[in-house]
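# how would this look folded up:
(chains A, B, C and D)
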There are 4 protein chains.
Amino acid sequence: MSTYGTLFRVTTYGESHCASVGAIIDGCPPGMELTAADIQTQLSRRRPGQSNLTTPRDEKDLVHLQSGIERGVTLGTPIGLLVKNEDQRPHDYSETDLYPRPSHADYTYLEKYGIKASSGGGRSSARETIGRVAAGAIAEKYLKLAYGIEIVAFVSSVGKIHLPSSLAPPSLVSSGAEDDDEVQDALSEAFQHLLKTITREEVDKYPTRCPHPETSERMTQRIIRAKDAKDSIGGTVTCVIRNVPSGLGEPVFDKFEATLAHAMLSIPATKAFEIGSGFKGTEVPGSKHNDPFVNRPDGKLGTATNWSGGVQGGITNGEDIYFRVGFKSPATISQGQKTAQYDGTPGELAARGRHDPCVVPRAVPIVEAMAAIVVMDQLLIQNSRKTAASLLPPITTLPPSMMQPKNSKAA
Amino acid sequence: MSTYGTLFRVTTYGESHCASVGAIIDGCPPGMELTAADIQTQLSRRRPGQSNLTTPRDEKDLVHLQSGIERGVTLGTPIGLLVKNEDQRPHDYSETDLYPRPSHADYTYLEKYGIKASSGGGRSSARETIGRVAAGAIAEKYLKLAYGIEIVAFVSSVGKIHLPSSLAPPSLVSSGAEDDDEVQDALSEAFQHLLKTITREEVDKYPTRCPHPETSERMTQRIIRAKDAKDSIGGTVTCVIRNVPSGLGEPVFDKFEATLAHAMLSIPATKAFEIGSGFKGTEVPGSKHNDPFVNRPDGKLGTATNWSGGVQGGITNGEDIYFRVGFKSPATISQGQKTAQYDGTPGELAARGRHDPCVVPRAVPIVEAMAAIVVMDQLLIQNSRKTAASLLPPITTLPPSMMQPKNSKAA
Amino acid sequence: MSTYGTLFRVTTYGESHCASVGAIIDGCPPGMELTAADIQTQLSRRRPGQSNLTTPRDEKDLVHLQSGIERGVTLGTPIGLLVKNEDQRPHDYSETDLYPRPSHADYTYLEKYGIKASSGGGRSSARETIGRVAAGAIAEKYLKLAYGIEIVAFVSSVGKIHLPSSLAPPSLVSSGAEDDDEVQDALSEAFQHLLKTITREEVDKYPTRCPHPETSERMTQRIIRAKDAKDSIGGTVTCVIRNVPSGLGEPVFDKFEATLAHAMLSIPATKAFEIGSGFKGTEVPGSKHNDPFVNRPDGKLGTATNWSGGVQGGITNGEDIYFRVGFKSPATISQGQKTAQYDGTPGELAARGRHDPCVVPRAVPIVEAMAAIVVMDQLLIQNSRKTAASLLPPITTLPPSMMQPKNSKAA
Amino acid sequence: MSTYGTLFRVTTYGESHCASVGAIIDGCPPGMELTAADIQTQLSRRRPGQSNLTTPRDEKDLVHLQSGIERGVTLGTPIGLLVKNEDQRPHDYSETDLYPRPSHADYTYLEKYGIKASSGGGRSSARETIGRVAAGAIAEKYLKLAYGIEIVAFVSSVGKIHLPSSLAPPSLVSSGAEDDDEVQDALSEAFQHLLKTITREEVDKYPTRCPHPETSERMTQRIIRAKDAKDSIGGTVTCVIRNVPSGLGEPVFDKFEATLAHAMLSIPATKAFEIGSGFKGTEVPGSKHNDPFVNRPDGKLGTATNWSGGVQGGITNGEDIYFRVGFKSPATISQGQKTAQYDGTPGELAARGRHDPCVVPRAVPIVEAMAAIVVMDQLLIQNSRKTAASLLPPITTLPPSMMQPKNSKAA
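The predicted model follows:
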């Protein structure tokens, strides 16, 4: 359905061609300073028309807050908000009356609902993500204020162009020889450093949002080539979440990475997700892949490496959480496509809509938003448990080894 | 939490060293023939001790049905079931009193709960999956009877050994040249044929559950090598779901692939998920990646290729659904590991438990089970919508192009 | 939280003094004709300023539809809607800066959230119910079109003035002697007839919405007396739901009456709920209280009496569902009240806000709305089960007595 | 469905004639001492065969703990438990093959599921409540240890015999003259004292569980009279919850009283619920019904009276919570009943099963259990909010009157 979350709950409405898109965000902690500007920043990073790499559809995407805030402070009650649809031009899509666009949602929405919206793909529209980005901005403001949590996403590949090996997530690093675990499969120090230091300001220096000058320039050329060819190209977004307390994630069905995968695969055009070593972790033997524990400077336990991506047994361990999301090449292209009409008649469809040749630069704030929503919800759930347990009388019958040490990183 | 699903709902309990593990399965349709044997088959495919590739821990894993069935027929009420823990040997784990096992769940469970079970990792135990496999067996019996749905998973890689290119899922196929979309990136015909024809009987002919003799043999050697080296190795499981009606998946947060990813990443040791073209789909240009519509022999719309993996816009389109799940190399190895104790003291841990050097062969029925649970729940939700819509008076004011054609593949 | 429902899901936002109040209604069946007028009718029955019996606060309460509908037909996607707050006058409440209003929500909202909205009671405002009434109007349009379901509520008592015994719900009928089960406790024929025939048009003939001229007139005088005395008075609303199929209600926690009670007690100012015979059913011996089965003219089973109120074992039986909801006397009165300030200082509070001396006339459409929402959600859930069961092969091994007869009243 | 709760979650299985009944309790705080004896106490108060007032069906109802506890301490993981069905005698019900028992669940279960269990009413069996009572015992152990919360229920009426006016809940007190708000409608001091002091030990001194000797004796005679007449009689249970922190209950749909009503009306045979003044509160004018605030000895705000029943605006205010639940006269009686068979044929059914002539004495621990579950779940949710809010930087821009005072009663 259109609701996500247990204690921090986001419900969205709206599609491409209706009056507005919006959301109700329920469960925001009371007593937090919050203004439209806090939300607008991320909406503007998401909106179309930012550069020549994105769709020329022009929407200012100004957020209108409706409730849940007084004198700039959250009340704890639901925050209603909306963004008007201004530049609608429904006629762009008229040919879709006859043809379901290949690999788009036109056909499946019709199969699901038995009725077709004029926009064809209904809620699969990228505009639906506005509500998510707004909700995410609220969540991450809280996470920053209360825990110092930082969430930064960036583009790690466009088509076959990816960050250089030293800066790439594990799965983008080729390991060379096949069937040979003797090959060195080390987790790149430079990549781990990138995760610890990357900022949104750095990311936004590049139109591609890939924080590496040469790679970004090659990606730009690749996207322009796709655009010129009336074609499209996909890419991957890598995201890091820093300073998350240990202990988040609910065994067994709502493991941290399971809810994160759920959230990421709910973003339009996504096809793949991996956390930490990801698919690479299927190739590296356990003896190398295991992250040894070490005593950290603050006296808490940490891990020497971080193949795990900050999650072990479905629960956060206090290390940086990093993951990668794959976005397919957009389905809407402006070259002719041989395909069939709804009634089966073969023919050629020439889409003329305004679309992004590559969605990953604009997907960056959406990935951050969904990550913030997931962390927020899991944090609220775990907070409840910790508070509840802390009120119990101490157990004197258990050996000390069974009890949590004082210097825990838990929330 | 320990509950999954909306209308078909599975709740599990139990860990490695308690009296039993079990589940309550709520929402099974009434009037279906169901016996313990239906469930036992999949439990036995999951149980340890099946071959020299798996843990020697010996559990018969006999299911005991408690409720919800009379005279071999489901009543529609919750099905309670349990499997006793027999071969417990808690002392195997005694050293874990001092050391959290690296990349295992010992540390994070302690951080989460503030108390440590004798088994260390608590619910992260593979035994917890028994309840899922039982629930999945019930779901897939229904899906088979009512829709002819077939679910078959198989091992697609162990370490760096994977199925030959022609039979491998898209992401396991190297595309050759970098930064060149002129390179041919076609979806393998042989792989698509494999998806359409593979059976569990065929899969079970191989101890690795990789249905290709030479590859299976190499995988076997790879696993034995890991075992002999007191090490471990990961792998991937690919799964196909055939004959799923179009229209499943709930916009926007519960897209079909989002719930599937959630379910798969909730299985212990998983790190990665991709559906259809997956990460490969980020590299293939839209003009090649789009699946053109064609008229099928039965008069319904189908697609000529299936990069989409049976899902478009988050909704099933009636084509084969296929996806791949990455399982990391198991954390528990029997060689010494330099690490730190709970209190930060550096030292060396030598685990002596009985464990699988590679989990993917036994993971096959677990992947199938979670897939069945997801399809079942989504099907029940969509069934409700279709039935509700069918009772409305026909709309005469809409152009025919806005209404679903008669020859829909929808449920 | 601010979300209700499983498959038909309503999420509301907004309080008395923010920009707007609104709702997102998710799960409305696609393909239903729906216009703003369908919703406005019930909003206008709920809005303040309808007569001299209600608050003079003047709000037109015009609904603005945002999404989910095209060309007057539902798409199956979420319906976003809002109503602007126009006549806000926040200063009316200024004294509440010092005093929590007795028996109002000022104090508890502050305890819950640690922060106080200028309106004091936050979401406990009657304006929050606008979203519910809108959602209910959508639900009942579907229920009427697809099942002929009719929902009619009316005022059954104001203070101690209630409908005459022959027309009153069981609990409002005095049984005379105490401790004597020989006394005749029959269910009134006239009351049962009223349930079968009452319409909204009839109810709306009376400013009190009590469909009995003499009683309505006495209630009017009672309310005016409360108003003149700067006091308030409570009352009860009785509601009937006709033509509900048998089989609705989910064992065991979501029995039909349990979800109905939940929904009704979520309406502001409610303190009591009873279904069918209600508290009266605790006094009538089983031999009289049991509803004997009879063969109905349409060949289906019915019951000769209806003490059960249309629900048995938590599941609807196809008979009229009736229930009664108690609304306390409103907390806000315009006479001085001795009480204490937030800091404990004793004093006297004189509220000067505009308020209803009696809420039950305006509560009628709210009760209807919540009833519609409950029936809608339960119907969608049961529809799914019935459809799922209908696709299974018939069971030949069971005696016919175990299977549902063909002439069932089930949906 | 068979699951209740958000953070403290109970899922039950089982009916009258299957192998066992049981539950999975998820979300119990870790680190709490818990043994089978803690649970057994309440199960034994619920079990049949306690006195000559209850069914002679003899079940020891011994609980078997399966998981979630080690060395007598909770792990925070799901607690699986079960109670075997020993004294089944399915043949007692054989005549129900032809006849649906009037006002029982036989007919509606068949309509719902299309298949009939041998026990007829399936999950509507009183044995289903075993899982609830076990879950409630776990919840109330926590509530007692962490908050000193006490929950005590008692029988307030059997048929028309009720506690004397001075000790009765408001709705059981007749107010004398009709249509006259001048009549004194005071909340009984003695009743409020009873709420503050009543204990389970006191309640259990009486076979009826009505803590007033003369009334209990009259109730006993009334029940025996029903038994001798092969008839049945209903009654009401009143329950008080003491020491609940302020701030529990979730606006707007999950108000405290709404979830409480939901929980109570999910108990078999219930028809009515009221909290605080209940239906009586519809008759008492606001000026009398409002509870003035007063400064309590501990420096916190309290109320001078407690018509509200501890809940205002759907949120607890720290005062005693009290409510009343109506249980109808049991449907199963051993005298002949004229009714119809499943196929419509008129006839006479003579039930011969073993049943309670009056369920309220055994309902007492069930009401307590459901109350504990509701408080527990609401407490965990509110705990999360409080913890989250406490981590935010203080707001300096708000007037102090908008912020919660230091001496709050909130959790």
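# tell me the SS of the closest residue to A:N306 other than its chain neighbours?
Of all residues not flanking A:N306 in the chain, A:E319 sits nearest, at 5.0 Å (Cβ to Cβ, 6 or more residues apart in numbering or on different chains). Every residue, glycine included, has its C-beta placed from N, CA and C. At A:E319 the chain is in coil, as set by DSSP: H, G, I helix; E, B strand; the rest coil.
# A:E319 against A:A304, yeah?
No: applying Cβ atoms under 8 Å, one finds A:E319 not in contact with A:A304, separated by 10.2 Å.
# any chance you could map the helices in the stretch 301-411 of chain A?
Assigned helices in the stretch 301-411 of chain A, in chain order: A:360-390 (criterion: DSSP state H, counting those that start in this stretch).
# returning to what we had before: and A:E319 and A:A304? which has more neighbours close in?
Higher neighbour count among A:E319 and A:A304: A:E319, with 24 against 14, using other Cβ atoms under 10 Å in any protein chain shown.
# report the contact partners of the residue nearest to A:N306.
A:291, A:302-303, A:306, A:308-310 (Cβ atoms under 8 Å, 6 or more residues apart in numbering or on different chains).
# list the contacts for A:Y109?
A:116-117, A:120-124, B:313, B:315.
# with A:S16 instead?
So A:S16 contacts A:85, A:88, A:119, A:121, A:125, A:127 (Cβ under 8 Å, 6+ apart).
# A:T199 too?
By Cβ under 8 Å, 6+ apart, the contact list for A:T199 reads A:V152.
# if you set the cut-off to 10 Å instead, what comes out?
A:150, A:152, A:154, A:205, A:211 (Cβ atoms under 10 Å, 6 or more residues apart in numbering or on different chains).
# for the stretch 101-250 of chain A, which residues are neighbours of chain D?
A:142, A:145-147, A:250 (Cβ under 10 Å from any Cβ of the partner chain).
# identify the farthest-apart pair in these.
The span of those, defined through Cβ to Cβ, is set by A:L145 and A:E250 at 24.0 Å.
# looking at the two, which one has more neighbours?
A:E250 (26 against 15).
# please report how far the closest residue to the more buried one other than its chain neighbours lies from A:I381.
The spatial neighbour of A:E250 that comes closest, neighbours along the chain excluded (Cβ to Cβ, 6+ apart), is B:M1 at 5.3 Å. Distance from B:M1 to A:I381, counting by Cβ to Cβ, to the nearest Å: 9 Å.
# so what sits against both of those two?
By Cβ under 10 Å, 6+ apart, B:M1 and A:I381 have these common neighbours: A:6, A:250, A:254, D:6-7, D:27.
# got a markdown table for those, with pLDDT too?
Shown next, in a markdown table, are those (pLDDT from 0 to 100):
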| residue | pLDDT |
| --- | --- |
| A:T6 | 97 |
| A:E250 | 97 |
| A:D254 | 98 |
| D:T6 | 97 |
| D:L7 | 98 |
| D:G27 | 98 |
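# okay if I get these as TSV plus secondary structure and distance to C:T259?
Compiled in TSV, the shared contacts of B:M1 and A:I381 are given as follows (DSSP: H, G, I helix; E, B strand; the rest coil; distance: Cβ to Cβ, whole Å):
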residue	secondary structure	distance to C:T259
A:T6	coil	20
A:E250	strand	26
A:D254	strand	25
D:T6	coil	16
D:L7	coil	20
D:G27	coil	22
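# nearest to A:I69 among the residues you listed?
Of all those, A:I69 sits closest to A:T6, with 22.5 Å by Cβ to Cβ.
# who's the closest spatial neighbour of the closest one, skipping the chain neighbours?
Closest to A:T6 by Cβ to Cβ, 6+ apart is A:D377, at 5.7 Å.
# do a quick rundown of the helices in the stretch 1-150 of chain A.
Counting by DSSP H, counting those that start in this stretch, the helices of the stretch 1-150 of chain A are A:36-46, A:106-113, A:129-147.
# which of those helices sits most buried?
With neighbours taken as mean count of other Cβ atoms under 10 Å in any protein chain shown, the helices of the stretch 1-150 of chain A reach their highest mean count in helix A:106-113, at a mean of 29.
# got the angle between that helix and helix B:360-390?
70 degrees (axes from the mean of the first three to the mean of the last three Cα atoms, to 10 degrees).
# show me what residue of the stretch 51-200 of chain A gets nearest to chain D.
Nearest residue of the stretch 51-200 of chain A to chain D (Cβ to the nearest Cβ) works out as A:A146 at 3.9 Å.
# the closest residue to that residue other than its chain neighbours: what's it in contact with?
Excluding the flanking residues, the one nearest A:A146 by Cβ to Cβ, 6+ apart is D:L391, at 3.9 Å. Neighbouring residues of D:L391 by Cβ under 10 Å, 6+ apart: A:29, A:142, A:145-147, A:379, A:383, A:411.
# dump those to CSV, plus pLDDT.
Converted to CSV, the contacts of D:L391 look like this (pLDDT from 0 to 100):
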residue, pLDDT
A:P29, 98
A:Y142, 98
A:L145, 98
A:A146, 98
A:Y147, 97
A:L379, 98
A:N383, 96
A:A411, 71
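# and these, which is closest to A:V73?
Lowest distance from A:V73 to the contacts of D:L391 (Cβ to Cβ) belongs to A:P29, with 10.9 Å.
# now do A:E128 against chain C, distance only.
9 Å (Cβ to the nearest Cβ, to the nearest Å).
# partner strands of the helix or strand of chain A with the lowest mean pLDDT, parallel or antiparallel?
In chain A, no helix or strand scores lower on mean pLDDT, DSSP states H and E than strand A:346-350, which sits at a mean of 90. Sheet pairing of strand A:346-350 (DSSP bridges) gives strand A:336-340 (antiparallel).
# quick one: contacts of the strand it pairs with?
Against strand A:336-340 from outside (Cβ under 10 Å, 6+ apart): A:98-103, A:107, A:230, A:331, A:346-351, B:286-287, B:290-296, B:301-304.
# show me the shaky parts of chain A.
A:54-59, A:87-96, A:174-185, A:351-354, A:406 (pLDDT under 70).
# quick one: contacts for the residue positioned nearest the centre of it?
The residue lying closest to the centre of chain A (Cα atoms, centre = their mean) is A:V367, at 1.8 Å. Listed by Cβ under 10 Å, 6+ apart, the contact set of A:V367 reads A:136, A:151-155, A:237-239, A:263-264, A:267, A:270, A:323-325, A:327, A:360.
# from those residues, which land in strands?
A:151-155, A:237-239, A:270, A:323-325, A:327 (DSSP state E).
# adding neighbour count, write those residues out as CSV.
Below are these laid out as CSV (neighbours: other Cβ atoms under 10 Å in any protein chain shown):
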residue, neighbour count
A:I151, 25
A:V152, 24
A:A153, 28
A:F154, 28
A:V155, 29
A:V237, 28
A:T238, 29
A:C239, 23
A:T270, 32
A:F323, 27
A:R324, 28
A:V325, 31
A:F327, 27
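# which of those lies closest to chain B?
A:F327 (6.2 Å).
# put the alpha carbons of the helix or strand harbouring A:E217 into CSV.
Assigned by DSSP states H and E, A:E217 falls within helix A:213-228. Taking C-alpha atoms only, helix A:213-228 is exported to CSV below (Å, rounded to 0.1, in the frame of the first residue of the first chain):
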residue,chain,number,x,y,z
PRO,A,213,36.2,14.6,-11.3
GLU,A,214,37.4,12.3,-14.2
THR,A,215,34.7,9.7,-13.6
SER,A,216,32.0,12.3,-13.4
GLU,A,217,33.2,13.9,-16.7
ARG,A,218,33.1,10.5,-18.4
MET,A,219,29.6,9.8,-16.9
THR,A,220,28.4,13.2,-18.2
GLN,A,221,29.6,12.3,-21.7
ARG,A,222,27.9,8.9,-21.4
ILE,A,223,24.6,10.5,-20.4
ILE,A,224,24.8,13.1,-23.2
ARG,A,225,25.5,10.3,-25.7
ALA,A,226,22.4,8.4,-24.5
LYS,A,227,20.4,11.6,-24.8
ASP,A,228,21.6,12.4,-28.3
